[in-house]
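Student: just coords:
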């Protein structure tokens, strides 16, 4: 059986994560938006799972000190791809 996850599920999970991180920091959407030089509407869209831009996502990850985790994930995946390349 395949374990399939949809893009919508991922966007919703990202939105939920952002909401919970914001609340843990006792920030309103407006306060987070101001910190990131974004609009409150952009934060609301992200938290609702509505097509965040990569730039928005990266700003949020950086603000909550999670950029390193994402970068490490990508670096590990890249290294694994390079390690698995054939010598022929």
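Tutor: Good, I have the coordinates. A quick note: this is a predicted structure, and the numbers were derived from the prediction, not measured.
Student: contacts and neighbour counts: CA atoms only from here.
Tutor: Will do.
Student: low-confidence ranges in the protein?
Tutor: 1-2, 85-88 (pLDDT under 70).
Student: so the most centrally placed residue in the chain: helix, strand or coil?
Tutor: The residue lying closest to the centre of the chain (C-alpha atoms, centre = their mean) is residue 57, at 4.6 Å. Three-state assignment for residue 57 (DSSP: H, G, I helix; E, B strand; the rest coil): helix.
Student: contacting residues for it?
Tutor: With contact set as C-alpha atoms under 8 Å, 6 or more residues apart in numbering, residue 57 has no partners.
Student: can you show me the helices along the protein?
Tutor: All helices of the chain, identified by DSSP state H, fall at 7-24, 29-36, 40-47, 54-63, 67-83.
Student: buried residues in the last one?
Tutor: Of the residues in helix 67-83, those buried by neighbour count under the rule 16 or more other C-alpha atoms under 10 Å are residue 67.
Student: who's in contact with that helix?
Tutor: 58, 61.
Student: circling back to that earlier point, from residue 3, how far out is the residue nearest to the centre of the chain?
Tutor: Distance of residue 57 to residue 3, given as C-alpha to C-alpha, to the nearest Å: 25 Å.
Student: what's the neighbour count on the residue lying closest to residue 15 once chain neighbours are set aside?
Tutor: Closest residue in space to residue 15, ignoring its immediate chain neighbours: residue 47 at 3.7 Å, by C-alpha to C-alpha, 6 or more residues apart in numbering. Neighbours of residue 47 under the rule other C-alpha atoms under 10 Å: 23.
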